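Asks: coordinates only, no sequence provided:
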């Protein structure tokens, strides 16, 4: 989905956030720790994200929203990859057929199995703000 990143590009992670209060706490809509809960029934070792450069953030986010949208309330959140790693998580490239930039955020020094770890990861993410309010997303 993109060009090679240069040293001048900041690496960011994008994550689809489904609609609903469990995932978008109210008020105002916020990114909840539920978005980073591992699903034991799927034997998940980490949570999915998509990696891009800061220069391509909006373009990649629009594409990811179309790929992953589950409802009209679906949104995309972003985090600085360095901040996620500094918070104690590992980021592993894991390309898929539909997302060559797919990666997995895994426990390292901080554990996704603990609520405090998921809350720490959730706080590293912020909503993608689309300048033109594309896709009905509000700017927050």
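Replies: Great, that's in hand. Small disclaimer: the values here were computed from a predicted structure and weren't measured.
Asks: ranking helices and strands of the protein by mean pLDDT, which lands last?
Replies: Lowest by mean pLDDT, DSSP states H and E among the helices and strands of the chain is strand 24-25, with a mean of 70.
Asks: helix or strand right after it?
Replies: Later in the chain than strand 24-25, the nearest helix or strand by DSSP states H and E is strand 30-31.
Asks: could you point out which element follows that following strand?
Replies: Note on strand 30-31: by DSSP H and E, the next helix or strand toward the C-terminus is strand 46-53.
Asks: what about residue 42, how many residues close to it?
Replies: 7 (other C-beta atoms under 10 Å). For every residue, glycine as well, the C-beta is placed using N, CA and C.
Asks: how near is it to residue 93?
Replies: Applying C-beta to C-beta, to the nearest Å, the value for residue 42 to residue 93 is 20 Å.
Asks: check residue 25 too.
Replies: Separation of residue 25 from residue 93 (C-beta to C-beta): 30 Å.
Asks: more crowded one of the two?
Replies: residue 25 (15 against 10).
Asks: so that one makes contact with residue 32?
Replies: Yes - between residue 25 and residue 32 there is a contact under C-beta atoms under 8 Å: 4.6 Å.
Asks: which parts of this structure are helices?
Replies: 57-68, 81-86, 115-124 (DSSP state H).
Asks: those: which one's closest to residue 107?
Replies: Nearest of those to residue 107, taken as C-beta to C-beta: helix 115-124 at 6.9 Å.
Asks: per-residue confidence averaged over that closest one?
Replies: Mean pLDDT, computed over helix 115-124, is 93.
Asks: offset the numbering so it begins at 838, please.
Replies: In the new count, where the first residue is 838, that last one comes out as helix 952-961.
Asks: just the buried residues of that helix, please?
Replies: 954, 955, 957, 958, 959, 961 (16 or more other C-beta atoms under 10 Å).
Asks: ok, stretch 923-933 next?
Replies: Burial within stretch 923-933, assessed by neighbour count using 16+ other C-beta under 10 Å, is assigned to 924, 926, 928, 931.
Asks: roughly how far apart are the nearest residue to residue 875 once chain neighbours are set aside and residue 931?
Replies: The shortest distance from residue 875 to any non-neighbouring residue, by C-beta to C-beta, 6 or more residues apart in numbering, is to residue 881 (4.5 Å). Distance of residue 881 to residue 931, computed by C-beta to C-beta: 12 Å.
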